[in-house]
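**Student:** Predicted model, plus sequence, below.
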Amino acid sequence: MKTNDQPSRILVVDDLEVNRDLLARRVQRLGHVAGFADNGQTALEQLRGSAWDLVLLDITMPVMDGYEALTAIKADPLLTHIPVVMVSAIDEIDSVVRCIELGADDYLPKPFNPVILRARIESSLAKKHLADQKQLMLRALSREMEIGQQIQRGFLPERLPQLKGWDLAVRFKPARHVGGDFYDAIQLSDGRIAIAVADVCDKGVGAALYMALFRSLLRSMLLQGASGEAATSLLQRTVGFTNDYIANEHSRDNMFATLFIGIVDVISGQLDYINAGHEAPLLGRMNKNEYKIFEPQGLAVGMMPDIRHEVRREVIEPGDTLLVVTDGVTEAVGATGQFSDERVQALVIDHNDSAENLLSKLFMQLEDHTVGYDQHDDITVLCLHRQTDNGASISI
């Protein structure tokens, strides 16, 4: 990128040598470097061969005229940012209008007036320099967002617990570089496993910062629990502390998170859980060809202080599958509308394989559903499948 103290490079395109020389001298007197081309084709070759800051482009030329050259410049992603000033005789004003419609930035009438020439050049270069600074800022911002994405991924588990008789899989796809969804899976000191899926309100950087805070508070409280502490006590203490800390210390930001959090006894299959305003998880009953919905029990975490959530209990039987999603799944928009809860429920009922295969099927359907549509919300899916007593999933 050229610095402000470097002269600008201006390409003069005209089939008449006398016009090129006259314009070049004027350009050089203004402290810029002038280049030459005698037709549009030669101009394009030079523009693609090195960096230029401005093009002074004649309309009537052999080989390739100004219209064709302008169209090619503006159609090329690598050249379209270069301002183009059309050079025309006063009686060609209709042609100038056409060029402006094709994307020209300004025009310079013949015969050349030094004051107008200077004004046109300085105005166009100022726009170019502003656009260059914008690109620099966007590149720097993009780099910062990439770093933020790497840091955020560092807050997610590097690897999932490996549990005998259980199959655990997770997918995470933020709508932007960083997002407000998060998940966690922690093997506690007594062998139980704690799982969590949450969705912080809003999207982007602000949500990502709060995602890190929510996740750190929850994980810290879970790991502080005494070995063998009752799941009900540990869950209520963990969620209660997190709720009160966010609601009291950060109330001015009005940030909160929907949360599903549970503790699973991997021996008995007992699941104690809290659903704080989160999208209802599904427990597929493989042997009964049905599913159970874990409806929300209260407000999202962080909305109000002193809120306490009820702990509920369920048993995950051999062959059952627990699926927890964020609303980025059910509200994913496609040609036929939203993806919907019903499609997720159908997948859980039909599931008879590993957790990873279920997530693959779900994401394949999501991709088919959203073809041609942008992703507007973060997507997180956690699947916990209990294998049958012989150590394998049910298969057909």
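**Tutor:** Right, received. Where do you want to start?

**Student:** Helices of the stretch 101-250 of the chain, residue ranges please.
**Tutor:** For the stretch 101-250 of the chain, the helices defined by DSSP state H, counting those that start in this stretch occupy 114-154, 204-224, 231-249.

**Student:** Need those in TSV (columns: mean neighbour count).
**Tutor:** (C-beta placed from N, C-alpha, C; glycine too.) Listed next are the helices of the stretch 101-250 of the chain as TSV, based on neighbours: other CB atoms under 10 Å:
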stretch	mean neighbour count
helix 114-154	14
helix 204-224	19
helix 231-249	19
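
**Student:** Make CSV out of those and add distance to H32.
**Tutor:** Putting the helices of the stretch 101-250 of the chain into CSV (distance: least, CB to CB, whole Å) gives the following:
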stretch, distance to H32
helix 114-154, 7
helix 204-224, 40
helix 231-249, 57
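
**Student:** Turn these into CSV, columns for distance to R98 and mean pLDDT.
**Tutor:** Converted to CSV, those look like this (distance: least, CB to CB, whole Å; pLDDT from 0 to 100):
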stretch, distance to R98, mean pLDDT
helix 114-154, 18, 76
helix 204-224, 42, 86
helix 231-249, 60, 95
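
**Student:** ok, the residue most central in space within the chain to P157 distance?
**Tutor:** For the chain, the residue nearest the mean C-alpha position is R176 (1.5 Å; CA atoms, centre = their mean). R176 is 21 Å from P157, where distance means CB to CB, to the nearest Å.

**Student:** before we move on, what about D15?
**Tutor:** From D15 across to P157, the span is 67 Å (CB to CB).

**Student:** Of those two, which one has the most company?
**Tutor:** Higher neighbour count among D15 and P157: D15, with 17 against 14, using other CB atoms under 10 Å.

**Student:** and the more buried one, that one's in a helix?
**Tutor:** No: D15 is assigned coil when assessed by DSSP: H, G, I helix; E, B strand; the rest coil, not a helix.

**Student:** Not counting residues beside it along the chain, what's closest to it?
**Tutor:** Spatial nearest neighbour of D15, chain neighbours left out: M61 (4.3 Å); criterion: CB to CB, 6 or more residues apart in numbering.

**Student:** For that neighbour, give me its contacts.
**Tutor:** 13-15, 38-40, 69 (CB atoms under 8 Å, 6 or more residues apart in numbering).

**Student:** Write a ChimeraX command that selects only the buried members of those residues.
**Tutor:** Listed next is the ChimeraX selection for buried residues among the contacts of M61, using 16 or more other CB atoms under 10 Å:
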select :13,14,15,38,39,40,69
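
**Student:** Could you dump the contacts of M61 into TSV and include pLDDT?
**Tutor:** Formatted as TSV, the contacts of M61 follow (pLDDT from 0 to 100):
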residue	pLDDT
V13	93
D14	92
D15	89
D38	91
N39	91
G40	91
A69	93
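
**Student:** Tabulate the contacts of M61 (JSON lines), appending distance to I261.
**Tutor:** What follows is the contacts of M61, written out as JSON lines (distance: CB to CB, whole Å):
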{"residue": "V13", "distance to I261": "67"}
{"residue": "D14", "distance to I261": "72"}
{"residue": "D15", "distance to I261": "74"}
{"residue": "D38", "distance to I261": "73"}
{"residue": "N39", "distance to I261": "70"}
{"residue": "G40", "distance to I261": "65"}
{"residue": "A69", "distance to I261": "63"}
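
**Student:** wait, which of the contacts of M61 is closest to R29?
**Tutor:** Using CB to CB, D14 is the member of the contacts of M61 that lies nearest R29, at 17.7 Å.

**Student:** before we move on, what SS does T388 have?
**Tutor:** Secondary structure, three-state DSSP: T388 is coil.

**Student:** What sits closest to it if chain neighbours are left out?
**Tutor:** P318 is the one closest to T388 (CB to CB, 6+ apart), at 4.6 Å.

**Student:** Could you do R308 as well?
**Tutor:** R308's closest residue in space is G240 (CB to CB, 6+ apart), at 5.8 Å.

**Student:** was I right about that neighbour contacting V311?
**Tutor:** No: here G240 does not reach V311: they are 10.9 Å apart, not a contact under CB atoms under 8 Å.

**Student:** what about I263, helix or strand, and which?
**Tutor:** Element membership of I263, judged by DSSP states H and E, is strand 257-264.

**Student:** and the angle for the next helix or strand after that strand with helix 231-249?
**Tutor:** Following strand 257-264 in sequence order, the next helix or strand is strand 270-276 (DSSP H and E). Strand 270-276 and helix 231-249 are oriented at 20 degrees to each other (axes from the mean of the first three to the mean of the last three CA atoms, to 10 degrees).
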